[in-house]
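Visitor: Sharing a sequence plus its predicted fold:
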Amino acid sequence: MQSASRSCRRFTLIELLVVVAIIAILAGMLLPVLAKSREKSRRASCMSQVKQQLTAVMIYTGEWDDRTPVAANDGCNWMWDLNSVVVDELMSRGITRQMLYCPSNPVMRADKTALWTTYPAFRIIGYYYLFDRQGIGGLTGVTLNGSAFVSRLTNVANPTTQELITDASIEPGNDNFSRWTSGGIEVSSNHAEGTALGGTNVGFVDGHAEWRTQANTYERWDQGGASGDHWF
């Protein structure tokens, strides 16, 4: 007896195109979610780095009667410029070079050699250190809006609200906010979302750290000109 033949149904071109279109739509919906999830993970890693930096600072101040390092300007013009001697002091107390660049900042993490070596007197790092600034340079005499440079921890009236280390961020909405060139070196704000600021991690004098949304950041120093203003 002849066996019954089985029909083999194939997808039509239209059906295949519909399936591809559905997959593309689902991918388009999932990619932003995955991107936000990755950024949240990088923010957490950044906060961990801030806390480790705070620990190194606390070790230093414990050895020097609660005094923070004296951050001579040595030509520094930006708040993320930090005297090389101070950086070496902190690195001897547990900070690594990798910790000084935010995981959310691919521009500065990719070009650490130029940031580290172009100016021997200071390092261009990915964080603001609110140590007392002394000597010649663009930060001499700067007064921070709603915050202050800290020379001694015991002189701080509210250690739970006084910032000590923060992400480096230039004004939200600036055309050059997310990426620009300064002195031939590419630099970028941490946690930039296009021309917006996603927020900033902040480490305080009492040793704790927290995430601060863009709505809760403020202009702390107007550098003037087209360079942008420092926010945290």
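Guide: In hand now; what should we look at?
Visitor: can you give me the strands in the protein?
Guide: Assigned by DSSP state E, the chain shows strands spanning 71-72, 81-83, 122-124, 127-129, 133-134, 163-167, 180-182, 185-187, 192-193, 196-197, 199-204, 209-213, 219-222, 229-231.
Visitor: Quick one: residues in contact with the last one.
Guide: The list of residues contacting strand 229-231 from outside it, by Cβ atoms under 8 Å, 6 or more residues apart in numbering, reads 78-79, 128, 168-172, 197, 200, 217-223. Using the backbone N, CA and C atoms, a C-beta is placed for each residue, glycine as well.
Visitor: tell me the mean pLDDT for it?
Guide: Per-residue pLDDT over strand 229-231 has a mean of 83.
Visitor: Measure how far it is from the centre of its chain, please.
Guide: 13 Å (Cα atoms, centre = their mean, to the nearest Å).
Visitor: For it, buried residues please.
Guide: Going by neighbour count (16 or more other Cβ atoms under 10 Å), the buried part of strand 229-231 is 229-231.
Visitor: got it, and stretch 78-95?
Guide: 78-83, 86-87, 89-90, 95.
Visitor: thought residue 47 was touching residue 209?
Guide: Yes: Residue 47 is within contact range of residue 209, at 5.4 Å (criterion: Cβ atoms under 8 Å).
Visitor: anything in contact with each of those two?
Guide: Counting by Cβ under 8 Å, 6+ apart, the contacts common to residue 47 and residue 209 are residue 201.
Visitor: Can you pick out the residue with more neighbours from these two?
Guide: residue 209 (21 against 17; other Cβ atoms under 10 Å).
Visitor: Tell me where the model's unsure across the chain.
Guide: 1-9, 11, 27, 29-37, 111, 136, 172-183, 194-195, 224-228 (pLDDT under 70).
Visitor: Just give me the residue right at the centre of this protein.
Guide: Residue closest to the mean C-alpha point of the chain, counted by Cα atoms, centre = their mean, is residue 190 at 3.1 Å.
Visitor: Pull the contacting residues for it.
Guide: Residue 190 sits next to 46, 102, 104-105, 126-127, 167-169, 200-201 when contact means Cβ under 8 Å, 6+ apart.
Visitor: and which of the residues you listed is nearest residue 150?
Guide: Nearest to residue 150 among these, counting by Cβ to Cβ, is residue 127 at 14.4 Å.
Visitor: Would you confirm that residue 198 contacts residue 211?
Guide: No: Residue 198 is not in contact with residue 211 according to Cβ under 8 Å; the separation is 9.6 Å.
Visitor: Find the residues that touch each one of the two.
Guide: residue 43.
Visitor: What separation is there between residue 48 and residue 209?
Guide: Distance of residue 48 to residue 209, given as Cβ to Cβ, to the nearest Å: 9 Å.
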